[in-house]
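> Model the following, please.
(2 chains)
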Amino acid sequence: MLKIENLHARVEGREILKGLSLEVNAGEVHAIMGPNGAGKSTLGNVLSGRDGYEVTAGSVTYNGIDLLALSPEARAAAGVFLAFQYPVEIPGVNNTYFLRAAFNAQLKARGESELDSMQFLKLVREKLKVMQISDELLHRAVNEGFSGGEKKRNEIFQMAVLEPQLAILDETDSGLDIDALKQVAQGVNALRSPGRAFLMITHYQRLLDYVVPDFVHVLADGRIVESGDRSLALKLEAHGYAGIGASQPAGAQA
Amino acid sequence: MSQPASLPLVASLLDAPLPVSGIAWLDAARQENRAAFAAGGLPDTRVEAWKYTVLRGLGQRSFASGDAAAQTRAVDASTLLLPGVDGVRLVFVNGEFRADLSALGELPAGLSVQPLSRALQTDAEPLRFALSRHYRDVGDAFAQINAASAGDGVVLRVAAHAKIQRPVHLVFVGAEAELAWHARNVIELGEGAQLSLVEQHLGSGEPSQLATVVSDIALREGAQLHHVTLQAASTGMNLIRRSSMRLHARAQATMHVLELGGALVRHDLHAELVGDAAQLHTRGVFMPHGRQHVDTQLAIRHQALGTTSTSLWRGVASERGRGVFRGAIVVAPGADGSDASLSNKNLLLSPGAEIDTKPELEIYADEVKAAHGATVGQLDERSLFYLRSRGIPLAEARALLTAAFCRAVLDDLPDTALREHLSSLLIAQLPA
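So this is what the prediction gives:
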């Protein structure tokens, strides 16, 4: 589904990704772990098409197409979803209205017919049940005044409604207490399916206690320096990032 | 300016013969105001209230005054229709009342409304106070020429305690010809009266014109006015409006203003809260685009105990559009316990766009609550990306965020159908 080859990317003239390669197949859950500054969030932003990230070499192929050539909205319509590390508050835009605009824009881009507000509300109510989210969130402005946990749950809720093929979760576990973490994990697990892949970017392994990945990769200094199964995450938990990936220059903080 | 009459604009406006009413006080007032205009000419940018609106270009133009064909100009009747507005309607084309386009049959009890041209023939005396005013201040040029030249407009009165259910609709159409026209409105709500007024400015056939509209609005004790202005004049229109309001004790006025059209647009809103506990709430959006210049000047004076004013304005400028906003609020000595708030936030959507905003607050009373703020910024890139990352295309994302930015202005407009219509006009105005 997703093939990243030798990806190099810069932000503000500084090279952050330095030859990252990764392959993700449908149905798989991959965890990307690494120290602060390793390039984890840059990877999520490059994949979702954020401005200000310049790809200088390498390629990203998604379902056989060049993902990097697409606008952010076209990537979304093609089934790529980014759960933000810091979801944005948008006063004046109602959460439900926003979600329907997004949902219908994706349908339209794919040449499918749009849902009217009644049909959409029905869909939303079903998803709310699965996510165990209060419908009070729907009536508020997008993320406005939401607690940290509510924002992250809202991201997962959006994912449930938009049903992406490839979901990138950028530090979705950060800032959550254990109850909120469990709820978010439950939401993610409910969405696991043979047709859907997850890329979970995280600093800590505790999310992986609740969403068990198929593969764990260590990202350091802009490259994947080690890959393995879940036991790699446990090893990191025990020994930290120091000593992982023999090729990593000591003390890299880029 | 040593020889104001040498300016082509001033000369051309002075060229027009004054309307003759045969009413001594009115003809005298017209002469007086005309003489003041001839002597003073146009204000330049040294006058504080005209600092950001340069009249040099307009001053070089000439306009014939009045329209011999005003009664027969074609106006598309569908443009006069607004959702939720289906009561009494008065339509003026190039400054003249058009009975054929208006709806004046069956006035509700307590409402008296007629064109000024008719009121002057039948019962001019009650208009004496408003129409014998001499404008003498620096910067009053357009009020002077209006007072000298306007022969028509609206005269509207609501009797004490009458509650008029359906909104009264006033329409000013600038049609076809290149000329100058003037309209004068006198509006009075009696004690405890209630009225909803919708004022619409529009164009027919893309004329290039100069129009002045001066309105005097008085609210007696406990009267309530809701006034919506939809300014969608044609792109060649130079439209100068002045509204002077007086609010007596416990009177409440709420204004919603949408400035969408025109070339050079200027609106002065002068309000005096002269009675205890009077309230004025102004809300507005101005959206200059193309090469439009839209200037809004609020001058609000709190002169009595416990008076309240709130002002909530948004500016959205795109392309080479230029917006100007000045909100001057004075809490005069004796207006203790008053509450004045002013917020003007602005968005620049293009590098060539500009907005100048200036809140001014002067307080000379005690126990006053006051807050004011003004900002100029751009659409938040993070919000745009967030919307796009969910599949919403860039243009739609920009429209969504801009509409959200303006939403607070229309939020408390009670008529749902009209509110939704105005929101959709705002969105339609956004650059693609």
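
> Chain A contacts on chain B?
Neighbours of chain A within chain B, by C-beta under 8 Å from any C-beta of the partner chain: B:380-383, B:385-394, B:396-397, B:400-401, B:403-405, B:407-408. Backbone N, C-alpha and C define where each C-beta goes, glycine included.

> So which of these are in helices?
Mapping those onto helices (DSSP state H) picks out B:381-383, B:385-389, B:394, B:396-397, B:400-401, B:403-405, B:407-408.

> Could you identify the buried members of those?
By neighbour count, with 16 or more other C-beta atoms under 10 Å in any protein chain shown, these hold B:383, B:385-389, B:396-397, B:400-401, B:403-405, B:407-408 as buried.

> any idea which of those residues is closest to chain A?
The shortest gap between chain A and any of those belongs to B:Ala404, at 3.0 Å (C-beta to the nearest C-beta).

> give me every residue that touches the closest one.
Contacts for B:Ala404 (C-beta atoms under 8 Å, 6 or more residues apart in numbering or on different chains) come out as A:90-93, A:141.

> and what of B:Ala328?
Neighbour list for B:Ala328: B:297-300, B:360, B:362 [criterion: C-beta under 8 Å, 6+ apart].

> any chance of the residues you listed in CSV, plus pLDDT and secondary structure?
Shown next, in CSV, are those (pLDDT from 0 to 100; DSSP: H, G, I helix; E, B strand; the rest coil):
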residue, pLDDT, secondary structure
B:Gln297, 97, strand
B:Leu298, 98, strand
B:Ala299, 97, strand
B:Ile300, 98, strand
B:Glu360, 93, strand
B:Glu362, 95, strand
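
> Now the one residue in chain A that gets nearest to chain B: which helix or strand?
When scored by C-beta to the nearest C-beta, chain A has A:Gly92 as its residue closest to chain B, at 3.0 Å. Assigned by DSSP states H and E, A:Gly92 belongs to strand A:90-94.

> Starting from that strand, tell me the next helix or strand along the chain.
Toward the C-terminus, strand A:90-94 is succeeded by helix A:95-109 as the next helix or strand (DSSP H and E).

> could you give the angle of the helix or strand that comes right after that next one to helix A:95-109?
Next in sequence after helix A:95-109, counting helices and strands by DSSP H and E, comes helix A:117-131. Put simply, helix A:117-131 runs at 110 degrees to helix A:95-109, going by axes from the mean of the first three to the mean of the last three C-alpha atoms, to 10 degrees.

> average pLDDT across helix A:117-131?
Averaging pLDDT along helix A:117-131 gives 88.

> repeat for stretch A:21-36
For stretch A:21-36, the per-residue pLDDT averages 95.

> So which bits of it are buried?
Within stretch A:21-36, the residues that count as buried by 16+ other C-beta under 10 Å are A:22, A:24, A:28-35.

> Kindly report the same for stretch B:107-124.
Neighbour counts over stretch B:107-124 (16+ other C-beta under 10 Å) mark B:110-111, B:113-117, B:119-120, B:124 as buried.

> Let's see that stretch as PDB, backbone CA atoms only.
Provided in PDB are the C-alpha atoms of stretch B:107-124 (Å, rounded to 0.1, in the frame of the first residue of the first chain):
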ATOM      1  CA  LEU B 107     -49.900  50.100   6.000                       C
ATOM      2  CA  PRO B 108     -50.000  48.500   9.400                       C
ATOM      3  CA  ALA B 109     -51.600  50.500  12.200                       C
ATOM      4  CA  GLY B 110     -49.200  53.000  13.700                       C
ATOM      5  CA  LEU B 111     -46.800  53.100  10.700                       C
ATOM      6  CA  SER B 112     -46.600  56.200   8.500                       C
ATOM      7  CA  VAL B 113     -44.300  56.100   5.600                       C
ATOM      8  CA  GLN B 114     -44.000  58.100   2.400                       C
ATOM      9  CA  PRO B 115     -41.400  59.600   0.100                       C
ATOM     10  CA  LEU B 116     -39.900  62.900   1.100                       C
ATOM     11  CA  SER B 117     -41.000  64.500  -2.200                       C
ATOM     12  CA  ARG B 118     -44.600  63.800  -1.200                       C
ATOM     13  CA  ALA B 119     -44.200  64.700   2.500                       C
ATOM     14  CA  LEU B 120     -42.800  68.100   1.500                       C
ATOM     15  CA  GLN B 121     -45.900  68.900  -0.600                       C
ATOM     16  CA  THR B 122     -48.400  67.800   2.000                       C
ATOM     17  CA  ASP B 123     -47.000  68.300   5.500                       C
ATOM     18  CA  ALA B 124     -43.500  69.700   5.600                       C
END
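
> For it, which outside residues touch it?
B:21, B:23, B:26, B:87-88, B:90, B:92, B:96-97, B:104, B:127, B:150-159, B:161-166, B:168, B:184-186, B:193, B:195.

> Who are the contact partners of residue 67?
Assuming you mean chain A. Shown in contact with A:Leu67 (C-beta under 8 Å, 6+ apart): A:2, A:47, A:60-61, A:75, A:78, A:80.

> my question was about chain B
With C-beta under 8 Å, 6+ apart, B:Asp67 has these contacts: B:73, B:93-96, B:175, B:177, B:179, B:181.

> Show me the strands in the stretch 251-400 of chain B, by range?
Ranges of strands within the stretch 251-400 of chain B are B:252-259, B:264-273, B:279-286, B:293-302, B:308-317, B:322-331, B:339-348, B:354-363, B:369-377, based on DSSP state E, counting those that start in this stretch.

> Mind putting those into TSV with distance to B:Leu219?
Below are those laid out as TSV (distance: least, C-beta to C-beta, whole Å):
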stretch	distance to B:Leu219
strand B:252-259	6
strand B:264-273	10
strand B:279-286	9
strand B:293-302	14
strand B:308-317	13
strand B:322-331	18
strand B:339-348	18
strand B:354-363	23
strand B:369-377	22
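
> element containing the closest residue to chain A within the stretch 101-250 of chain B, please.
Relative to chain A, the nearest point of the stretch 101-250 of chain B is B:Val228 (20.6 Å; C-beta to the nearest C-beta). Taking DSSP H and E as the definition, B:Val228 sits inside strand B:224-232.

> Tell me the residues on the stretch 1-150 of chain A that lie near chain B, please.
Proximity of the stretch 1-150 of chain A to chain B is confined to A:48-51, A:71-73, A:75-77, A:81-82, A:84, A:87-88, A:90-93, A:98-99, A:101-103, A:105-106, A:109, A:141-142 under the rule C-beta under 8 Å from any C-beta.

> Please produce a PyMOL select command covering the buried subset of those residues.
With 16+ other C-beta under 10 Å as the criterion, this PyMOL line picks the buried residues out of the residues of the stretch 1-150 of chain A next to chain B:
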select buried, chain A and resi 48+49+50+72+73+75+76+77+81+82+84+87+88+90+91+92+93+98+99+101+102+103+105+106+141+142
